[in-house]
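**Student:** missing the sequence, but the structure's below:
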């Protein structure tokens with residue numbers, strides 16, 4: 001399996017973990033794993049394009065790097081997926097505004113759409 005394929009596989013596993021944690025009512029870590037899935041998928045795209053992977057959890061930074069290779073990554077801002085970064089980082093610690101089921105379901109749906117988008121981009125690139 002390629003390097004980017006391993007990153008994408010991890011992204012899919014993080015998405016699955018988020019879904020399982022949501023079903024168990026563990027909303028904070030479900031949100032964290034949704035963020036991790038997006039981060040790893042974007043890093044997979046960067047690796048596929050020979051770019052070094054920065055040690056960052058900031059989704060907006062990763063989107064900007066992906067946009068350098070493919071401007072259509074701008075579309076991810078419409079999903080507001082970049083907002084997962086600060087929120088998912090904060091909920092790993094005791095916070096007053098814990099995420100609820102609705103917030104996590106929405107985050108997971110946005111994560112699915114983001115992974116589908118990135119996967120399409122990776123498949124298009126492979127066939128060229």
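**Tutor:** Looks like it arrived, so ask away. Because the structure is a prediction, the values reported are computed rather than measured.

**Student:** quick check, distance from the helix or strand where residue 20 lies to the centre of its chain.
**Tutor:** Using DSSP states H and E, residue 20 sits within helix 3-23. Averaging C-alpha coordinates over helix 3-23 and over its chain gives two centres that are 9 Å apart (C-alpha atoms, centre = their mean, to the nearest Å).

**Student:** by contact count, what packs against it?
**Tutor:** helix 27-48, helix 101-127 (3 or more C-beta pairs under 8 Å, 6 or more residues apart in numbering; DSSP states H and E). From N, CA and C alone the C-beta is placed, and that goes for glycine too.

**Student:** what about this structure, any weak spots by pLDDT?
**Tutor:** 1, 124-128 (pLDDT under 70).

**Student:** which residue is nearest the centroid of it?
**Tutor:** residue 38 (0.5 Å; C-alpha atoms, centre = their mean).

**Student:** Thought residue 108 was touching that one, still the case?
**Tutor:** No. The criterion here is C-beta atoms under 8 Å, and residue 38 misses it with residue 108 at 10.5 Å.

**Student:** what's the neighbour count on residue 74?
**Tutor:** For residue 74, the count of nearby residues is 12 (other C-beta atoms under 10 Å).

**Student:** again, but for residue 123
**Tutor:** 9.

**Student:** What separation do you get for it and residue 44?
**Tutor:** 12 Å (C-beta to C-beta, to the nearest Å).

**Student:** picking up where we left off before, relative to residue 5, which of the helices and strands packed on helix 3-23 is closest?
**Tutor:** helix 27-48 (7.5 Å; C-beta to C-beta).

**Student:** And the helix or strand following the closest one, what's buried?
**Tutor:** Sequence-wise, the next helix or strand downstream of helix 27-48 (DSSP H and E) is helix 59-69. Judged by neighbour count (16 or more other C-beta atoms under 10 Å), helix 59-69 contains these buried residues: 59-60, 62-63, 65-66, 69.
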